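Novice: Sequence below, structure please.
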Amino acid sequence: MISFDSTHLRLIWSMVETYSHVLQDLSDDAICLWLSKKIKDSIYLNHDEMIEIKAYILSRSHLIRDVANSQGQQGYRSLNGYSSQGVELPYDEAV
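Specialist: You can find the predicted model right below:
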C-alpha cells in the first residue's frame with residue numbers, strides 16, 4: 001500500500017516533465033535511481049518512503065519513458081515555427 005501523498009506524486013511527475021531530456025535516454029533502473037536521488041535532494045523522506053517511491057517509479061517506468069519522450073519531442077521547435085527545415089532550438093533559447 002502506498003503511503004505517500006499527492007504532493008509526492010506531483011513532485012515525481014513534475015520532475016519527469018522537467019528532466020525529460022535526461023530521462024529519455026536512461027534505462028528503467030537508471031530512471032529510478034536518478035529520480036529517487038532528485039526527490040531525496042528536494043524533500044526529506046524516511047527509508048520506508050524512499051522504498052515506496054522507488055517501487056512506484058519502477059512500476060511506472062514505461063509511462064515515465066513515454067512522458068519523457070513526449071516532452072523531449074515537444075521541447076524543441078524550429079526557429080521560424082513553421083518549417084521543418086528550420087534550426088532546432090530549445091524553447092528558452094528560441095527567438
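
Novice: Ser6: neighbour count?
Specialist: Residues contacting Ser6 under the criterion other Cβ atoms under 10 Å number 7. All C-beta atoms are positioned from the backbone trio N, CA, C, and that covers glycine.

Novice: tell me the contacts of it?
Specialist: The contact partners of Ser6, taken as Cβ atoms under 8 Å, 6 or more residues apart in numbering, number zero.

Novice: any idea how far Ser14 is from it?
Specialist: In this structure, Ser6 and Ser14 are 12 Å apart, going by Cβ to Cβ, to the nearest Å.

Novice: isn't Leu23 right next to Cys32, touching?
Specialist: No - here Leu23 does not reach Cys32: they are 10.4 Å apart, not a contact under Cβ atoms under 8 Å.

Novice: Walking through the protein, point out its helices one by one.
Specialist: Remark: helices assigned in the chain by DSSP state H are 6-18, 20-23, 28-42, 47-59, 61-74.

Novice: Pick the most deeply packed of these.
Specialist: Most buried of the helices of the chain by mean neighbour count (mean count of other Cβ atoms under 10 Å) is helix 20-23; its value is a mean of 18.

Novice: and the helices of the chain as TSV, adding mean pLDDT?
Specialist: Below are the helices of the chain laid out as TSV (pLDDT from 0 to 100):
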stretch	mean pLDDT
helix 6-18	92
helix 20-23	90
helix 28-42	93
helix 47-59	93
helix 61-74	84
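
Novice: Can you check the distance spanned by stretch 19-28, start to finish?
Specialist: Across stretch 19-28, the straight-line distance between its terminal residues is 15 Å, by Cα to Cα, to the nearest Å.

Novice: what residues does it touch?
Specialist: Contacts made with stretch 19-28 from outside it, assessed by Cβ under 8 Å, 6+ apart, are listed as 16, 31, 34-35, 38, 58, 61, 64-65, 67-72, 75.

Novice: Excluding chain neighbours, what is closest to Ser36?
Specialist: Excluding the flanking residues, the one nearest Ser36 by Cβ to Cβ, 6 or more residues apart in numbering is Lys54, at 5.2 Å.
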